Each structure stands twice: as C-alpha cells, then as structure tokens.
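**Student:** got a predicted model here, sequence first, then my questions.
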Amino acid sequence: FKDYSADTDTTIKTEPIGMALREYAPGKVSYRHAPKGKRERVWLAPPTEIGRPLRVEDFSTEYVELRRPPGDLDVRLVRLEKMILTKPDYRVEDSTSGKWLWETALVLDADPYPMHIPSTSGWLNYVVGLEVMTHEQQCPLIVWRYAREIELDAALTPDPSARVHQLSLRDESVGVGFMVEVDAIRFSVKLPTEEYLNDLTRETVTSLVSARFEYLMRTDEKLIKLISNVWLRKWIAEIAISVIAIEAVTAAESQPGETSVLDVYQSLSPEELSLLISDAAHDVFGALEYETESSLVSEIKQVLNDQEIQERVYELIEVLTETPTFKWLPWVQERYLTTLTAAMSEAIQALCPDVDADSLLPDITRAEGSDDVAEVWISENQPGGMGVVEAFVESYSKDPQTYWALVSKALAPGFNERVDKTLSSFLQVAGTEVFLPAMQRIRHAVNLEELSQAWGELKQLMFENGFDCDPTVITAMAARFLRQGSSGTLGEFTNELLLKWQGIEADLGFEIDVRAFAYLATKDPQIRLKLATEAGRTGDQTDWGIGQIVGLLWARGKAVRESSLQIYNPYVEMEPTERLLFEGVGPKKEDPVDASEESWRSQVDEKLSKTGSCGLKCEGKDRATELIKSLLVESTFSGVLELYPRIVGLNKSGNVIEFSIELREAHG
C-alpha cells in the first residue's frame, strides 16, 4: 500500500493495507510521517459539501477489484493500491478526525476442525461448540473488511447532523477495503434468555441500570442527530446521573422512605432537568477563579437550551427508574458476548504465553438458523497464519481443562477490583489497635529510614491479617489516607465517604462514578466542613471539594471491571465488558474440603475421581506446607489408575489458606 503526500517533493511510503486505511481515514489529521512537525502533517481530504460522496478517484488512481463475499451485497468492492494524501489547511485542528464505517464478512470454504470441550470444565452448557480454521488443516477463514460510508468530525461539515457520506467511483456506489485468508477460532455460544434477566444479582442490576442509560445516550439515533459529538453526550449522561442522584438523596432525606427515584423523575420537567444539568456542569467542570466558563460547560449549556434535546434527554433518563426488562435483552446479550469474548481471548494469551495474542481480532455474529446461539470468531490479523492459532491448537489439545480454567479466571474479580476490596476492607479496621500505631508512625516519620520501617511493619501486619499488600495497594494508601503529615482522622473520613457512596448506590438502584459521587457529597455541609478541616483550609468552594474527594477515593464498580477485562477490534465497535453477567455462570464452585477433618484426604480423592477438581482449606502456613507435601507425594486412585493431583490455585484470607486442586487425567 503506497501513499503520496502533496508536497513540493512527492514522497512514497509503503504500509500494510489495513494499517494504512485506519491511519488515513477521511478527515483524520495524521502525523505518522511528519518528522518536521505541523508543516508535514497529512490527511485524506474529506468532502466539503453536504450529501456529496467521497469520490475514490479523487484520492486514488490505482486499485484492484475485490470479489464480493457470498450474499446479497450489490456494491462493487475495490482494494486501493495507492492513496494520494494532501496537507490540511492550517486552520484545521490536529484533533480533527474521521472514520470509515467498517463492515465485515466471514466465510468458510471448507469444514473447520472441531475440538473437544470437556464436560468437567463446567462450560459445556454455555459454549456448545469449538472449531479451528487453519491453513495447515486447509480450511482458513476468509475475511472481508470494507467500508461503503465514512463519518466525519462535526467540525468538518457545515451541518453537524449530516456527517455521513457515501463512497463512489465513477459515479457508482463502491466499497473500499480488503480480503484476507487467516487462521481463526470459532466458539458457538448459547445466548442468555429472558429468564436469565430474572436471575441477575442485585449488584449486577445496579451496574446495568446506569450503563444502560449511558448506552442509550451514546447510541440513540434521535439524540445523535441533535448532538453529534459523542463525548458531549457522554459528559451530559454522567452529569445527568449526578443530578438525579442528588435530587433523590435530597428528597429521601426530607421524606424518609416515601420518595423513590421514579418520584423524583416524575416531579421534574424536561426544562427543569436541563437547568439542573447545566448548573451541575458548571460546578463539576467550571473553574470559579476564572471569569469565563470552560468551553465544555458552555457547550453543555448551549445544547441543553434546545427544547427538542431537553425532551429527548428526559425521555432517555427514565431508564434509571427501571429494572432489566425484555427490551433490554439484545443489549444484555451483546455485553454478555463481548465479555465472554474478552475472557476467551485473554485465556488464549495465558495458555500460550510465548505468542502475541494482541494480534487476534474478535468478531461476533449470530449463528445461521438459530436464534439462541451466537458465534464468536477470534482470528489473526495477518494472512497466511502468524502461529498464534496453531500454538493454541497444540496447547489446547494437550490440556483443554486448563484453557477453560483460564477463561473462568479471566471472569473472576480483576486486579483493580481486588485493590478496591482491599482498601475498603482495610478502612473498616484501620482504627484498631492492631494497625493504628504503625499508621501513626508512617504519618509522622521524619526521615526515610523511619518511613521505610513503619511501612515494613504495616505490610507485615496486613499480610498476617489477610490483606493484599502489593505495591499498588501500598501506593494507593500512601496517596490517599496515609499521606505524610495527615491527621489520624483522615482514614475515618475516607471510610465515611466510602460508606456513604455505597449506601447511596444501594438506595438509588444504580451505580454512580467517583466524580458524580464527589459532586453529590460536596452538597452536604458537614462533609464540606470535615474536608476543609482535614485540608486545613477555610471556605466553601464546591469545585475545590470535588477535586479533593476524587483524590481521597478511587474508581469502583463498572469502571474498574471494564478496565480489567477489555476487548478491541479496530473494525468493529463493541460494548464494554461486564464480568458480573457471569456471576453463577461456568463451573459451579463447591465448598472446599476442611483439612482439619481426619478424613480430608479421602474426601479430596473422592471429589477428584468424580469431577477432576476440588478445593481444600486449612489454617496457617505450617499446615499448608504439610498439605502440599502430602498432595505431591501421595497418589489418588481413579478406578485402576494411580494418579497424582496438582495444585492450580491458592487463595489466602486472613489465616485461612484455600487450595484449588486438579486431577488432570480425570477430565474428559
């Protein structure tokens, strides 16, 4: 793939077709080949007239015809060989962007190779098929990636609501893209049903409600036409959640037990809600020390002056008063699939650590002839095979149980969630005589030696009492409630804020993020007073208080769950993940065997023979050492076979240690 920059001296650069098309999307300013800065930036010039198509002949003189994928696609497809790039006008902002609206077609020319899913993995009820497609097996996956339309930044078009343009070639509709044959994996996944919605945990529902509102604000076609800027819609959604939360909390305090979120919503008019959002935007994003408002605040206020926008935002925010219903099901299914896809991709990397699984691209389609099964495709992004899928096939064939255990692990609480849990749990006991002396020494240490000794003592105490004390946890504590010179009540105040945050979410029935809670908390005069006292500051400034509370607390809830399990395909926009959708899905965890019982070994052997895995718990490191030795040197009889179990996991909570034990040969 070659591109030309329109300079006095024409230069030629060669790049892979997929990378080049993504980098040089119409209207996207690129510095990829601009070593001398702004004067060498380039772009693919977008159409300047409303409704005018982007003409391929205006930026490419060399292309080849692509055969169309099977189906009813009636548009000509071409693969560009060269692209002519120009310099954007100096008035065009560097942040200006655009994108191809990608479409994907996945086709098999031969039968894929099926692979076994062990019944003992616990996943066979959810993933009903696993097949691989490789060049080695002479059944690669054929992938088409093409775009028939483009979408421009609102700043590039006279009418922000008309940002989508078609592609044409010689006055004929056309699609631009490429076709490759790649190695891939296909999982057939059973979709959640309406009954599944009824079994969701309270925590999951609380997360889904606010996520549903954000999704509607992001994807609602009517609102997109009214507010083309996706980031502006995002900020309005976040502030709207804060406003509904603070109105509901205020109403509940004045009429305990008699006011619900629905009551608050119905008491507001679209205009009143928009005014509240505008005022909140000023508090959250405005800077009182400046005479003029920030551009973001001005933009929010400007769009919310529109009556049509007011009414649409009001209609969408009603979802905060609901619980999941049948009309939510397609969206829940989509998040379910993206979450499982992310977990299966992460498990491939864990199973094959010597390969780069970042080169894998996920796609999700519905299975032909079935309404309750979806297909998850995980394919390599380069033709001819990069070895990732082949490595997966080799490792999976040897030990399929381990792969599905890794999928379950990927869906377990992530690292950031564990940090949140550790900090929250520690604050509950931070004021006890066990930890308080060491904490005080940290706060009042006068040199590095004293500080290091105090932190060492605290970490030892945390470990002995079952708290994680890795560097991330310690750093978070030091930056928040164990700051040098801080008062002994800072931890109590942080815990008070955290409990208030958790209580508000429980009462509201939906999650609010840390900035939304900080805005809500600053409306409480007592919290503002305590905050000023801790900071040694006078005054009553809301914007200052928001920043201080955000600094004391940390991200929780869906924000950290989404960051712990991510999914990405540059050609497909996918919903964020939500691992809570898999609470109760997958292998059922039985109560571990108690090693204090005399018959612990016979119980372990029986469970291993029947299911291939079990848990074992004990108290103290010495007892754990004895158990490990016993499991390593004493065999388990499975029928006529003498087999040795292996320890595949360990969890410590306080003085209790729990092992996950597996009998590899028993899986089938």
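**Tutor:** Nice, thanks for sending it over.
**Student:** buried sites along stretch 262-272?
**Tutor:** Buried residues in stretch 262-272, counted by 16 or more other Cβ atoms under 10 Å: Val264, Tyr265, Leu268, Pro270. Heads up, the C-betas are built off the backbone N, CA and C, glycines and all.
**Student:** tell me which residues in stretch 399-412 are buried?
**Tutor:** Pro400, Gln401, Thr402, Tyr403, Trp404, Ala405, Leu406, Val407, Ser408, Ala410, Leu411.
**Student:** run through who's touching it.
**Tutor:** Residues outside stretch 399-412 that contact it (Cβ atoms under 8 Å, 6 or more residues apart in numbering): 115-118, 120-123, 339-340, 342-344, 346-348, 350-351, 395-396, 565, 579, 582, 585-587, 612, 648, 662, 664, 667.
**Student:** OK, contacts around Leu361?
**Tutor:** Counting by Cβ under 8 Å, 6+ apart, Leu361 has contacts Ile378, Ser379, Glu380, Asn381, Asn569, Pro570, Tyr571.
**Student:** just the pLDDT for it.
**Tutor:** According to the prediction, Leu361 has pLDDT 95.
**Student:** check the secondary structure at it for me.
**Tutor:** Three-state assignment for Leu361 (DSSP: H, G, I helix; E, B strand; the rest coil): strand.
**Student:** how far away is it from Ala25?
**Tutor:** Using Cβ to Cβ, to the nearest Å, we find Leu361 at a distance of 18 Å from Ala25.
**Student:** quick one on the thing from earlier: tell me which of the contacts of stretch 399-412 fall in strands.
**Tutor:** Among the contacts of stretch 399-412, DSSP state E puts Val648, Glu662 in strands.
**Student:** from the contacts of stretch 399-412, which would you call buried?
**Tutor:** Among those, those classed as buried by 16+ other Cβ under 10 Å are 115, 117-118, 120-123, 339-340, 342-344, 346-348, 350-351, 395-396, 565, 579, 582, 585-586, 612, 662, 664, 667.
**Student:** restricted to helices, list these.
**Tutor:** Using DSSP state H, Thr339, Leu340, Ala342, Ala343, Met344, Glu346, Ala347, Ile348, Ala350, Leu351, Ser395, Tyr396 are the members of the buried ones among the contacts of stretch 399-412 that sit in helices.
**Student:** ok, the spatially closest residue to the second one that is not a sequence neighbour - contacts?
**Tutor:** I take that to be Leu340. Nearest residue to Leu340 in three dimensions, chain neighbours excluded: Val189, at 6.3 Å (Cβ to Cβ, 6 or more residues apart in numbering). Contacts for Val189 (Cβ under 8 Å, 6+ apart) come out as Tyr126, Val127, Val128, Leu337, Leu340, Val373, Ala374, Glu375, Val376.
**Student:** of those, which is the most crowded?
**Tutor:** Leu340 (29 neighbours; other Cβ atoms under 10 Å).
**Student:** could you tell me the end-to-end distance of stretch 345-364?
**Tutor:** 13 Å (Cα to Cα, to the nearest Å).
**Student:** with stretch 346-361 instead?
**Tutor:** Terminal residues of stretch 346-361 lie 12 Å apart, using Cα to Cα.
**Student:** that stretch: how far from the chain's middle?
**Tutor:** Relative to the centre of its chain, stretch 346-361 is centred 18 Å away, using Cα atoms, centre = their mean, to the nearest Å.
**Student:** follow-up on the earlier one: in helices only, show me the buried residues of stretch 399-412.
**Tutor:** Pro400, Gln401, Thr402, Tyr403, Trp404, Ala405, Leu406, Val407, Ser408, Ala410.
**Student:** in TSV: the buried residues of stretch 262-272, plus secondary structure and pLDDT.
**Tutor:** What follows is the buried residues of stretch 262-272, written out as TSV (DSSP: H, G, I helix; E, B strand; the rest coil; pLDDT from 0 to 100):
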residue	secondary structure	pLDDT
Val264	helix	89
Tyr265	helix	91
Leu268	coil	92
Pro270	helix	93
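**Student:** just the closest of these to Ser168, please.
**Tutor:** Proximity of the buried residues of stretch 262-272 to Ser168 (Cβ to Cβ) peaks at Pro270, which lies at 41.0 Å.
**Student:** where do the helices sit along the stretch 151-300 of the chain?
**Tutor:** Per DSSP state H, counting those that start in this stretch, the stretch 151-300 of the chain carries helices over the ranges 194-198, 202-219, 221-226, 230-254, 261-267, 270-285, 295-303.
**Student:** out of those, which is closest to Gln548?
**Tutor:** Closest among these, once you apply Cβ to Cβ, is helix 270-285, at 13.6 Å.
**Student:** by contact count, what packs against the closest one?
**Tutor:** Counting contacts by 3 or more Cβ pairs under 8 Å, 6 or more residues apart in numbering; DSSP states H and E, helix 270-285 packs against helix 230-254, helix 295-303, helix 307-317, helix 514-521, helix 542-552.
**Student:** give me the angle between it and helix 295-303.
**Tutor:** Calculated by axes from the mean of the first three to the mean of the last three Cα atoms, to 10 degrees, helix 270-285 forms an angle of 180 degrees with helix 295-303.
**Student:** buried ones in helix 270-285?
**Tutor:** For helix 270-285, the buried set under the neighbour-count rule, 16+ other Cβ under 10 Å, comprises 270, 273-278, 280-285.
**Student:** low-confidence ranges, the stretch 451-600 of the chain, go.
**Tutor:** 536-543, 586-588 (pLDDT under 70).
**Student:** mind listing the strands for it?
**Tutor:** 593-594 (DSSP state E, counting those that start in this stretch).
**Student:** save the contacts of Leu361 as TSV, and put in distance to Leu508 too.
**Tutor:** Converted to TSV, the contacts of Leu361 look like this (distance: Cβ to Cβ, whole Å):
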residue	distance to Leu508
Ile378	38
Ser379	42
Glu380	45
Asn381	42
Asn569	34
Pro570	36
Tyr571	37
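**Student:** how about residues contacting stretch 477-491?
**Tutor:** Contacts to stretch 477-491, defined as Cβ under 8 Å, 6+ apart, come from residues 423, 426-427, 430-431, 436, 439-440, 442-445, 451, 493-494, 534, 551-554.
**Student:** out of the helices and strands in this protein, which is least certain?
**Tutor:** strand 2-5 (a mean of 47; mean pLDDT, DSSP states H and E).
**Student:** any idea how far Asp111 is from Pro70?
**Tutor:** Note on Asp111: its distance to Pro70, by Cβ to Cβ, is 16 Å.
**Student:** so where's the stretch 301-450 of the chain shaky on pLDDT?
**Tutor:** Regions of the stretch 301-450 of the chain meeting the criterion pLDDT under 70 are absent.
**Student:** contacting residues for the residue most central in space within the chain?
**Tutor:** For the chain, Glu562 is the residue whose C-alpha lies nearest the centre (Cα atoms, centre = their mean; 2.6 Å). Residues in contact with Glu562 (Cβ under 8 Å, 6+ apart) are Pro576, Thr577, Glu578.
**Student:** so who does the second one touch?
**Tutor:** Thr577 makes contact with Arg335, Thr338, Thr339, Ala342, Arg561, Glu562, Leu565, Gln566, Ile567 under the criterion Cβ under 8 Å, 6+ apart.
**Student:** Lys99: which of the helices of the stretch 151-300 of the chain is closest?
**Tutor:** Nearest to Lys99 among those is helix 230-254; the distance by Cβ to Cβ comes to 11.3 Å.
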